[in-house]
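> compute the structure for the input listed below.
(chains A and B)
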Amino acid sequence: MTALLHVDNISKRFGGFVALDGVEIEVQPGERLGLIGPNGSGKSTLVNCICGTLQNESGSVRFDGSVMDGLAAHERTHRGVARSFQLPRPFHSMTLADNLRIPLLYTVHARSGPLRSPGDLDTRCHELLDMVGLLKKAKQMPRDLTQVEMRKLELARAMAAEPKLLIADESMAGLSHSEIDDILALLVRLNERGITIILIEHIMSAVMSFSQRLAVLVSGKKIADGKPEDVVRDPEVVRAYLGQ
Amino acid sequence: MGTVKFSFTAVAIGALVMAFAHWFHVDYLFFACYTILQFIVLATAWNILGGYCGYVNFGSAAFFALGAYSSVALIKFDGEIDAWFSEGVANALHYIFPLPIPLLIIFGALVSGIVGFGMGYLTLRLRGSFFAIATLALAVVLQTLIVNWDFVGGSRGAYVIRPENLEFAGIAINYIEYLFALMLLLAVIALTTARVIERSQLGFGFATIRDDELAAEACGVPTLRLKLIATTLSGAFMGMAGAPFPYYIGYLQPSSAFGLEYAVNSIAMPMIGGTTSWVGPLVGAILLGSAQQYATVTISSAVNLLIVGLMLVAFVIIAPNGLIGLVQERLRRRQS
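Numbering: from 1, shown residues only, chains lettered A, B, ... in the order given. You can find the predicted model right below:
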């Protein structure tokens, strides 16, 4: 089986600081990959390089059979990579429904799919809001939402682009246990629909229950990759997290 | 209301205004209303970039002046045809020149639109106050160029003789009424365009740029392309507003065409009216424009900028989202 995403030996530096140093990751279609690492280990930089917010200096990112290097972020979204942001970034001046309308208009339409009528667009927005349990608030503004609702909106907006790969960047930080379970259940449901998911998270219980495979980044290098239960016992990983 | 219906309604309202002014038969009314219409176009143009996309342009006067000076250049060119070309070519050119004002408007739109595109391209990475400073710098650069371009009069300025009447199909139309009608048409076109954008996919895209560019890209919005569309459109409309100006004013000099009042007014009018909708710049321009015209006649023209300043301060405090925002907030409160 060919990999859906192949991050091939990519590096990124900010001035003298090496944020990513030859990282290599493969993700198979339909897989649930957990990505962990201490603060500042380069997780978000990796996400930004995959999504095109940042451009990697060396190495390459292959997605779904083609190389994505040099493509702008929106082009990568069109090809099927979607992400949620660590801190929710909703479009503040729009209602929740309109927030979801953007990826529908700009990504789903752009994929030469059948053009949707305004009615279809509304239905789809409402379906997506229903999926994350925000249907009742469709006409409200993002400022009226709670933290957990904001995260859900963020995921719904990423899903609206109908991606093949969803990268959830710390979508559970700062949430309560029951809220975390909520989001996890949502992610599992999405995965069951055939969407490949990379979960970046600090909350270990969530990562462990979600991931089929776990990769660990430390100081811009991947130090472990494998079955979650094996990876967390890896002496190098333990050392990175707990210190020596 | 559909776009066609809207533009017809707008034209009808315009025709009514026109008939009203004609009935009074006071040239001054046309002069005053022309300025207000001109500001409607400028404010609407500014709002396409500043209101919809959130990019504050301080260089509106430069785009306006470019439109005006492209007209002056073409008018001057007409005067030099015999001196510059052989007889055959000159005769051929005399068929085309002098260009009628509608063509000057299209030319002005092209020039300002191209400069708008260039400005967008050069300032892509700038946001917020940095973008504003860059536009201000552009205005200074362009003014310097014009001041040193002798062909269009340089710092001395250029005289453009306005004909008394326009002969059209055997009817003599008062020239100021003709200019007024043209500006009225431009205002209708600008407002219709703004309204169409607002309700289209493009308008949604512009709003995402205003809210969060990074998130917009992640949703698949080609922010760079949209910004270029906005800078080009906005520049083109400002150029259109400026193109008939030399005929209106009669004597054009750089310091008046690049005047502070254009830059300040085209920002203040949408701010006072409200930047999120096409209605905002319209309301703002009518309100502020009439107040200025009134002050010019009753007090002095120097009071103009004072009025703008005071109103801007008042609105920033009382209604930061403009009059439209104030009304929308009331409606929302009443609903809930």
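
> now chain A against chain B: closest residue?
Ranked by CB to the nearest CB, the top residue of chain A for proximity to chain B is A:T107, at 3.3 Å. In short, each C-beta sits where N, CA and C put it, glycine included.

> can you give me the helices for chain A?
Remark: helices assigned in chain A by DSSP state H are A:43-51, A:73-79, A:96-103, A:118-131, A:147-160, A:177-192, A:204-210, A:228-231, A:235-242.

> over to the stretch 1-150 of chain B?
For the stretch 1-150 of chain B, the helices defined by DSSP state H, counting those that start in this stretch occupy B:3-24, B:27-50, B:60-84, B:87-96, B:101-122, B:128-147.

> would you convert the ones you listed into JSON lines that also reports distance to chain A?
Converted to JSON lines, those look like this (distance: least, CB to the nearest CB, whole Å):
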{"stretch": "helix B:3-24", "distance to chain A": "15"}
{"stretch": "helix B:27-50", "distance to chain A": "14"}
{"stretch": "helix B:60-84", "distance to chain A": "23"}
{"stretch": "helix B:87-96", "distance to chain A": "43"}
{"stretch": "helix B:101-122", "distance to chain A": "15"}
{"stretch": "helix B:128-147", "distance to chain A": "16"}
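
> count of neighbours near the closest residue to the residue of chain A closest to chain B other than its chain neighbours?
Leaving aside its sequence neighbours, A:T107 sits nearest to B:G220 (CB to CB, 6 or more residues apart in numbering or on different chains; 3.3 Å). The tally of other residues near B:G220 (other CB atoms under 10 Å in any protein chain shown) stands at 29.

> secondary structure class of B:G220, three-state.
coil (DSSP: H, G, I helix; E, B strand; the rest coil).

> my read: it touches A:R111, true?
No: look at B:G220 against A:R111 with CB atoms under 8 Å: they stay out of range, at 9.1 Å.

> what do those two both touch?
A:H78 (CB atoms under 8 Å, 6 or more residues apart in numbering or on different chains).

> so what's the gap between the lowest-mean-pLDDT helix or strand in chain A and the chain middle?
Every helix and strand of chain A was ranked by mean pLDDT, DSSP states H and E. The lowest is helix A:235-242, at a mean of 82. From the chain centre to the centre of helix A:235-242 is a distance of 25 Å (CA atoms, centre = their mean, to the nearest Å).

> for the most centrally placed residue in chain B, give me its contacts.
Chain B has B:L42 as the residue nearest its centroid, 2.5 Å off, counting by CA atoms, centre = their mean. Counting by CB under 8 Å, 6+ apart, B:L42 makes contact with B:S60, B:F64, B:F237, B:M238, B:A241, B:Y262, B:N265, B:S266, B:M269, B:A285.

> pick the one among those closest to chain A.
For the contacts of B:L42, the nearest to chain A is B:M269 (20.3 Å; CB to the nearest CB).

> ok, that closest one to B:G280 distance?
Counting by CB to CB, to the nearest Å, the gap from B:M269 to B:G280 is 8 Å.

> ditto for A:K227
59 Å.

> show me which of those two is the more surrounded one.
B:G280 (26 against 12).

> returning to what we had before: OK, contacts around the residue of chain A closest to chain B?
Shown in contact with A:T107 (CB under 8 Å, 6+ apart): A:H74, A:T77, A:H78, A:A160, A:A161, A:E162, B:C219, B:G220.

> chain neighbours aside, what residue packs nearest to the second one?
Pointing back at A:T77 there. Using CB to CB, 6+ apart, the nearest residue to A:T77 is B:G220, at 4.0 Å.

> likewise the fourth one?
Once its chain neighbours are removed from consideration, A:A160 has its nearest residue in A:P103; the separation is 4.1 Å (CB to CB, 6+ apart).

> A strand includes B:I209, no?
No: the assignment for B:I209, made by three-state DSSP, is helix rather than a strand.

> distance of whichever residue of the stretch 101-250 of chain B sits closest to chain A from A:I25?
Residue nearest to chain A within the stretch 101-250 of chain B (CB to the nearest CB): B:G220, separated by 3.3 Å. Separation of B:G220 from A:I25 (CB to CB) stands at 24 Å.

> likewise B:V17?
Taken as CB to CB, the span from B:V17 to A:I25 is 66 Å.

> pick out whichever of the two has more residues nearby.
Using other CB under 10 Å as the criterion, B:V17 and A:I25 rank with A:I25 on top: 21 against 15.

> ok, that one - contacts?
A:L5, A:H6, A:V7, A:L33, A:L46, A:A215, A:K222, A:D225 are the contacts of A:I25 under CB under 8 Å, 6+ apart.

> just checking, which of those belong to strands?
Counting by DSSP state E, the contacts of A:I25 place A:L5, A:H6, A:V7, A:L33, A:A215, A:K222, A:D225 in strands.

> picking up where we left off before, and the residue of the stretch 101-250 of chain B closest to chain A, what is it in contact with?
So B:G220 contacts A:H74, A:T77, A:H78, A:I102, A:P103, A:Y106, A:T107, A:A110, A:A161 (CB under 8 Å, 6+ apart).

> which parts of chain A sit against chain B?
A:51-53, A:72-75, A:77-78, A:82-83, A:85, A:89-94, A:98, A:101-103, A:105-107, A:109-110, A:157-158, A:160-161 (CB under 8 Å from any CB of the partner chain).

> follow-up on the earlier one: quick check: the farthest pair among the contacts of B:L42?
The largest distance within those, taken as CB to CB, falls between B:F237 and B:N265 and amounts to 14.6 Å.

> neighbour count for those two, which is higher?
Neighbours were counted for B:F237 and for B:N265 using other CB under 10 Å; B:F237 has more, 31 against 27.

> let me know the pLDDT of residue 143.
This is for chain A. pLDDT recorded at A:R143 is 92.

> look at chain B instead
94.

> okay, and the beta partners of A:F17?
With DSSP bridges applied, A:F17 shows beta-bridge pairing to A:F14.

> contacting residues around the residue nearest the centre of chain A?
Centroid check for chain A by CA atoms, centre = their mean gives A:I167 as the closest residue, at 1.3 Å. Residues in contact with A:I167 (CB under 8 Å, 6+ apart) are A:V47, A:I50, A:C51, A:V81, A:A82, A:R83, A:S84, A:I197, A:I198, A:I200.

> try B:I324
B:I324 makes contacts with B:G273, B:G274, B:T276, B:S277, B:V279, B:G280, B:V283, as judged by CB under 8 Å, 6+ apart.

> again, but for B:I146
B:A65, B:Y69, B:V152, B:G154, B:P254, B:A257, B:F258 are the contacts of B:I146 under CB under 8 Å, 6+ apart.
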